[in-house]
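Colleague: Provided below are the primary sequence and the corresponding predicted coordinates.
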Amino acid sequence: MQMIEPLTNLRPAQARLIAAIAEYGQLQLAAQSCRMSQPAASRMLADLERALGTSLFLRTPKGMEPTLFGTIIARRAERIVRELQEMGQDLRDLRSGHAGRVRVGAVTGPALGCVVPAVRRLKAIAPNVDVFVEVAPSTTLVPALARGDLDFVLARLPPEHDRADFVIEPARGEVVSLMVRAGHPMLGREAVDLAQLSDYPWILQQRGAPIHTAVANGFAAIGRPTPANVTTTSSLLVIMALLAETDAVAAMSREVTDLVVSDRIGARFDQLAVRDRLEVEPYFLLRARHRVLPPVALRLMELHRELLARPMAG
């Protein structure tokens with residue numbers, strides 16, 4: 001019982017010294033590794049042994065050998081020192097943005113075109129960072145940002161939200177791409193007009209969604225109504241299943257189409273070359289104005305800014 005209180009109050013400096021003596025077997029070397037003088041190390045050890053009422057090390061011609069008590073305490077002291085070192089590294093990682101948790105949201109196009117490469121870059125330099133990504137419409141993402149469920153988002157600001165509540169950074173617009181199955185009758189042409197596609201089945205997001213609006217505006221610009229034969233879904237799996245067996249045309253963000261038709265996915269789809277360029281209103285990089293973000297979130301935001309600063313391909 002006599003040892004309990006001194007060990008409960010064991011200071012980090014004492015733990016480092018005990019661990020160092022057990023490692024080096026020489027008080028002078030242990031003192032140097034702990035950055036203290038040998039007399040100071042000797043006094044610290046003597047004070048601890050006196051408080052414990054037992055010797056921790058035997059002084060021999062070959063050096064200092066731990067006693068039974070010394071062996072037990074040194075083993076635990078080594079763990080304490082290692083935990084303190086790891087704690088210090090954890091804190092340094094947190095401050096530098098190499099550890100911690102970051103929560104980002106994005107609409108579909110930016111999720112593929114910006115979030116995915118940004119996360120890849122972050123993981124390359126900070127593999128232990130916990131990254132949460134939510135892909136959803138702006139009407140879902142911005143309320144989540146306002147609640148504090150997300151650190152920042154790539155989205156559009158719905159009209160019911162006050163711009164003063166957010167820090168708003170311009171990002172870029174989205175280009176709409178038209179995806180069809182391989183072998184679609186309209187493939188292989190140099191370019192097609194929207195008017196030539198009006199009688200085909202279409203797959204669109206819900207009415208009011210940015211891509212749906214872009215398609216409707218595109219047809220309105222050529223004096224045509226939006227196609228009547230429309231299936232409404234935002235599920236990529238449903239879209240691919242519908243396209244695979246029909247001549248439907250799916251309006252999607254170009255980043256999504258590029259991924260689906262690429263060799264990386266190996267899907268049997270292609271995209272039409274269309275004369276009428278369809279663009280969606282720009283999205284923004286948004287964060288809550290009065291919330292302090294952790295360093296890892298700030299680091300990921302900066303990676304997004306670097307990617308967004310690059311010109312869009314095509």
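Modeller: Thanks, I have it. Numbers count the residues shown, from 1 in each chain.

Colleague: And the strands in the protein?
Modeller: 57-60, 63-66, 101-106, 130-135, 152-155, 166-181, 202-204, 230-232, 249-253, 269-271, 279-288 (DSSP state E).

Colleague: Enumerate the positions of the fourth one that are buried.
Modeller: By neighbour count, with 16 or more other Cβ atoms under 10 Å as the criterion, the buried positions of strand 130-135 are 131, 134-135. No exception for glycine: its C-beta is placed from N, CA and C like everyone else's.

Colleague: what do you get for the second one?
Modeller: Within strand 63-66, the residues that qualify as buried are 64, 66, counting by 16+ other Cβ under 10 Å.

Colleague: Give me the contact list for it.
Modeller: Where contact means Cβ atoms under 8 Å, 6 or more residues apart in numbering, the residues beyond strand 63-66 that reach it are 21-22, 24-27, 56-58, 74.

Colleague: could you flag which of those are buried?
Modeller: 21-22, 24-25, 27, 56-57, 74.

Colleague: export those to JSON lines and tack on pLDDT?
Modeller: Formatted as JSON lines, the buried ones among the contacts of strand 63-66 follow (pLDDT from 0 to 100):
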{"residue": "21", "pLDDT": "92"}
{"residue": "22", "pLDDT": "91"}
{"residue": "24", "pLDDT": "92"}
{"residue": "25", "pLDDT": "91"}
{"residue": "27", "pLDDT": "90"}
{"residue": "56", "pLDDT": "92"}
{"residue": "57", "pLDDT": "92"}
{"residue": "74", "pLDDT": "90"}
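
Colleague: tell me the pLDDT at the residue nearest to residue 184 when sequence neighbours are not counted?
Modeller: Spatially, and ignoring its direct neighbours in sequence, residue 184 is nearest to residue 247 (5.9 Å; Cβ to Cβ, 6 or more residues apart in numbering). Confidence per residue is given as pLDDT, and for residue 247 that number is 94.

Colleague: Residue 46 too?
Modeller: As summarised for this prediction, residue 46 has a pLDDT of 91.

Colleague: do residue 119 as well
Modeller: We note a pLDDT of 95 for residue 119 in this prediction.

Colleague: Spatially, and excluding backbone neighbours, which residue is closest to it.
Modeller: With Cβ to Cβ, 6+ apart, the residue lying closest to residue 119 is residue 131, at 5.4 Å.

Colleague: The one you found contacts residue 115, correct?
Modeller: No: using Cβ atoms under 8 Å, residue 131 makes no contact with residue 115, being 9.3 Å away.

Colleague: before we move on, back to that, now the contacts of strand 63-66 in TSV, please, with extra columns for distance to residue 214.
Modeller: As requested, those are arranged in TSV below (distance: Cβ to Cβ, whole Å):
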residue	distance to residue 214
21	73
22	70
24	71
25	75
26	76
27	77
56	76
57	78
58	82
74	70
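
Colleague: wouldn't residue 23 be in contact with residue 30 here?
Modeller: Yes: in this structure, residue 23 sits in contact with residue 30. The criterion is Cβ under 8 Å, and the distance is 7.4 Å.

Colleague: higher neighbour count, the two?
Modeller: residue 30 (24 against 14; other Cβ atoms under 10 Å).

Colleague: can you give me the helices in the protein?
Modeller: 4-8, 12-24, 27-33, 38-52, 68-96, 108-110, 116-125, 138-147, 210-221, 236-244, 254-261, 295-308 (DSSP state H).

Colleague: for this structure, which spans come out with low pLDDT?
Modeller: Along the chain, the model assigns pLDDT under 70 to residues 1-7, 86, 88-90, 92-94, 96-99, 264-267, 312-314.
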